[in-house]
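Student: Show me how the following folds:
(one chain, ligands or ions: 2)
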Amino acid sequence: MAIRTILTEPNPILRQISKPLEKVEKDQQKLMDDMLETMYHARGIGLAAIQIGVPLRIIVMDISKEENNKEPMFFVNPVIQKKNLNFSTYEEGCLSVPNQFAEIDRPSTCEVEYLDYYGNKKKIKAEGLLATCIQHEMDHLEGILFIDYLSKLKKSMIIKKLSKQKKIDRIVV
Ligand code: GNR
Ligand code: NI
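Tutor: Residues are numbered from 1 along each chain as shown. Ligands and ions are numbered 1, 2, ... in the order given. Next up is the predicted model:
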């Protein structure tokens, strides 16, 4: 397993549309292992493959609270079958938009079909944080970030901050 670098906005790679996997075998599982390790290392609750620069429709997630009771989830080629017409609001963050947070409205529940770590077809009904997180991750597969839902002004302020921070990081590192 390996910890990979998480790409941050602004980066055109994050805007790519990810492609479905044709199979779930050793190589794809190895990628999922790396994604999970990278996500835990960054203390995130979800990660899409494009965030480490791989344009494939894979999501890893762990929304469990306890450090010593991990519950990793893997979603390959996920498809949302149903979305609730009711929305709920969560304060979202994103490993690709470091240190920025905003309240985002999304359908409060959703049903998702996907392949698991072994390529078996699964379906879940998600609610609460799980529903929010799955939708946040599925947006990544379409090249969408949570800041895209903010006003033009808020979004541009965040991108400006991130660009400045990147310039600083380039000099320091
Ligand atoms: O770690 C994360 N926390 C989070 C909080 C609220 C809503 C969505 C998320 S996902 C984010 C990790 C990430 O960037 N996944 O793409
Ligand atoms: Ni994210």
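Student: Ligand 1 contacts on the protein?
Tutor: Within the chain, the positions lying close to ligand 1 (CB under 6 Å from any ligand atom) are 44-48, 51, 90, 92-96, 132-133, 136-137, 140. To be clear about C-beta, it is placed using only N, CA and C from the backbone, and glycine gets the same treatment.
Student: quick one: the helices in the chain?
Tutor: 26-41, 128-141, 152-172 (DSSP state H).
Student: Who are the packing partners of the second one?
Tutor: Judged by 3 or more CB pairs under 8 Å, 6 or more residues apart in numbering; DSSP states H and E, helix 128-141 is in contact with strand 46-48, strand 58-61, strand 73-83, strand 87-94, strand 97-107, strand 109-115.
Student: Turn the ones you listed into JSON lines, including mean neighbour count.
Tutor: Converted to JSON lines, the helices and strands packed on helix 128-141 look like this (neighbours: other CB atoms under 10 Å):
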{"stretch": "strand 46-48", "mean neighbour count": "27"}
{"stretch": "strand 58-61", "mean neighbour count": "26"}
{"stretch": "strand 73-83", "mean neighbour count": "18"}
{"stretch": "strand 87-94", "mean neighbour count": "16"}
{"stretch": "strand 97-107", "mean neighbour count": "16"}
{"stretch": "strand 109-115", "mean neighbour count": "19"}
